[in-house]
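# sequence below, structure please.
(one chain, ligands or ions: 1)
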Amino acid sequence: MLLRHSHTSPFVRKVAVLLHEVGLAGRVTFDTVDGWSEPAPLTADNPLSMVPTLVLDDGGSLYDSPVICDYLDQLHGGKRMIPETGTARWRVLREQALGDGVLDNAVLIFVELNKRPEEKRWDWWLQLKQRAIERALDHLENDAGGLVGRIDLGTISIAVALAYLDLRGAVGQWRTGRPALATWFADFAQRPSMIATAPPG
Ligand SMILES: N[C@@H](CCC(=O)N[C@@H](CS)C(=O)NCC(=O)O)C(=O)O
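Numbers count the residues shown, from 1 in each chain. Predicted structure coming up:
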């Protein structure tokens, strides 16, 4: 399998952490692309020109990151990263949605601050996105006890989202006032899967 990726994409990192956790990292080769420049090999596999995009051995492709993670989770014989049934399944999928939602908002903030000309910056939009992230973080602080000791797609998604906030500084000091979440993340960030997938530099 070939993963079309970029080094800083947090959605790619979610897939990469899962690959390490389930022991499939050696099955995937990586092709570095810039989705923003719409390269032909990427748009051929994913008309949305987004990473991650997974190219399968039969030439087919899968996107986006939740679909790729679901596919990969069915390729190994170990403990499922997405529980198959019950309340645990819906908790994990909801946590993935929350982590991905934080990332969607953080990426939009990054675009507003780094790609849009400064004179066209829209403060109302920026603050709307920042408030969504702040509310998600407050929710996670209240729920942090339920994250402890778990390795699944829910906790992976949340950890990757928090790491991206550190990388881009989308909402400043997110740890302030959220000690339980900060402590949980400090521990999760030490996992070999997180260390192996850290963005360069
Ligand atoms: N929902 C998608 C989001 C992926 C995404 O936003 N990827 C960004 C990089 S972080 C991208 O490829 N952007 C290029 C573009 O929008 O043209 C997923 O979960 O995979």
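
# thinking Ala132 is in contact with Ala106, fair?
No: in this structure, Ala132 is not within contact of Ala106 by C-beta atoms under 8 Å, at 9.6 Å. (Each C-beta comes from the backbone N, C-alpha and C, glycine too.)

# out of those two, which sits in the more crowded spot?
The neighbour count for Ala132 versus Ala106, taken as other C-beta atoms under 10 Å, is higher for Ala106 (23 against 18).

# show residues contacting the strand or helix carrying Asp166.
Using DSSP states H and E, the element containing Asp166 is helix 153-168. Helix 153-168 has contacts (C-beta atoms under 8 Å, 6 or more residues apart in numbering) with 8, 10, 13-14, 17-18, 21, 69, 73, 81-82, 91-96, 98-100, 102-103, 106, 109-110, 133, 140, 147, 170-171, 174, 181, 185, 188-189, 193-194, 198-199.

# show me what the helix or strand just after it is in contact with.
Toward the C-terminus, helix 153-168 is succeeded by helix 179-188 as the next helix or strand (DSSP H and E). For helix 179-188, the external contacting residues (C-beta under 8 Å, 6+ apart) are 137, 140-141, 144-145, 147-148, 155, 159, 162-163, 175, 194.

# quick one: helix 179-188 to helix 153-168, angle?
Calculated by axes from the mean of the first three to the mean of the last three C-alpha atoms, to 10 degrees, helix 179-188 forms an angle of 100 degrees with helix 153-168.

# now tell me what touches the helix or strand that helix 179-188 is followed by from outside.
The first helix or strand that comes after helix 179-188 along the chain, using DSSP H and E, is helix 192-196. Helix 192-196 has contacts (C-beta under 8 Å, 6+ apart) with 16-17, 20-21, 25, 156, 159, 163, 188-189.

# and the ligand, which of those reach it?
Among the contacts of helix 192-196, no residue is within reach of the ligand (C-beta under 6 Å from any ligand atom).

# and the residues you listed, which are buried?
16-17, 20-21, 156, 159, 163, 188 (16 or more other C-beta atoms under 10 Å).

# residues of the helix holding Asp166 that come out buried?
Across helix 153-168, burial judged by 16+ other C-beta under 10 Å covers 153-165, 168.

# quick one: which of those is nearest to Thr53?
Here the nearest of the buried residues of helix 153-168 to Thr53, counting by C-beta to C-beta, is Val160; it sits at 17.4 Å.

# how far away is the closest one from the ligand?
Distance of Val160 to the ligand, given as C-beta to the nearest ligand atom, to the nearest Å: 11 Å.

# that concludes my questions; thank you for your assistance.
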